[in-house]
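In: Structure here, sequence nowhere to be found:
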């Protein structure tokens with residue numbers, strides 16, 4: 001099964017110049033914990049509710065802090081025509097629960113979450129990825 005069969009296509013995007021308050025309001029309205037971040041039309045990062053809590057609030061930064069100041073700028077992504085099994089294995093390896101999905105021209109076309117994978121495949125692949133993601137430590141840390 002390819003990513004295109006499981007991903008969420010209607011993706012809202014935060015802008016690097018928005019405040020974290022605006023990003024959090026967008027997340028709340030979407031009932032989502034993460035947003036891709038763009039600068040003009042280029043994907044430059046991801047911002048999560050955890051980024052806001054750990055990199056902003058825990059460090060005393062206020063709601064006017066810009067998204068660019070707390071986002072994760074090491075963008076991990078997958079391609080729309082990749083196989084789900086390969087992508088979920090990669091998600092476990094790099095310890096992320098969701099990935100922006102791009103086409104071969106690297107234009108954002110969706111987002112893939114472990115929830116999308118679990119609902120669509122029902123074959124335990126999401127659980128295996130979650131075991132990898134849940135390992136303590138690893139390269140992906142909000143405190144860095």
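Out: Noted; the coordinates are in hand. Bear in mind that the values here come from a model prediction, so they are computed numbers and not experimental data. Residues are numbered from 1 along each chain as shown.
In: Need the outlier residue of the protein, farthest from its centre.
Out: Relative to the centre of the chain, and counting by CA atoms, centre = their mean, the farthest-placed residue is residue 60 at 23.9 Å.
In: ok, the residue nearest to residue 112 when sequence neighbours are not counted - how many residues close by?
Out: Spatially, and ignoring its direct neighbours in sequence, residue 112 is nearest to residue 7 (4.5 Å; CB to CB, 6 or more residues apart in numbering). All C-beta atoms are positioned from the backbone trio N, CA, C, and that covers glycine. Using other CB atoms under 10 Å, residue 7 has 24 neighbouring residues.
In: all strands of the protein, in order?
Out: Ranges of strands in the chain, per DSSP state E, are 14-15, 34-39, 42-48, 78-79, 98-102, 108-113.
In: Out of those, which is closest to residue 90?
Out: For these, proximity to residue 90 was assessed by CB to CB; strand 78-79 is nearest, at 7.2 Å.
In: In the sheet, which strands lie alongside the closest one, parallel or antiparallel?
Out: Sheet pairing for strand 78-79, assigned by DSSP bridges, gives strand 98-102 (parallel).
In: between the partner strand and strand 42-48, how many degrees?
Out: Comparing the axes of strand 98-102 and strand 42-48 via axes from the mean of the first three to the mean of the last three CA atoms, to 10 degrees yields an angle of 160 degrees.
In: So what angle separates the directions of strand 98-102 and strand 108-113?
Out: 160 degrees.
In: now what about strand 98-102, what contacts it?
Out: Residues outside strand 98-102 that contact it (CB atoms under 8 Å, 6 or more residues apart in numbering) are 3-4, 7, 11, 34, 36, 43, 46, 75-80, 87, 91, 108-114.
In: I'd like the mean pLDDT over that strand, please.
Out: For strand 98-102, mean pLDDT rounds to 93.
In: can you check stretch 35-44 too?
Out: On average, stretch 35-44 scores 90.
In: Contacts for it next, please.
Out: Residues contacting stretch 35-44 (CB under 8 Å, 6+ apart): 11-16, 23, 26-27, 45-48, 67-68, 71, 73, 75, 77, 100, 102, 106, 108, 111.
In: Centre of the chain to that stretch, how far?
Out: Centre-to-centre, stretch 35-44 and its host chain are 12 Å apart (CA atoms, centre = their mean, to the nearest Å).
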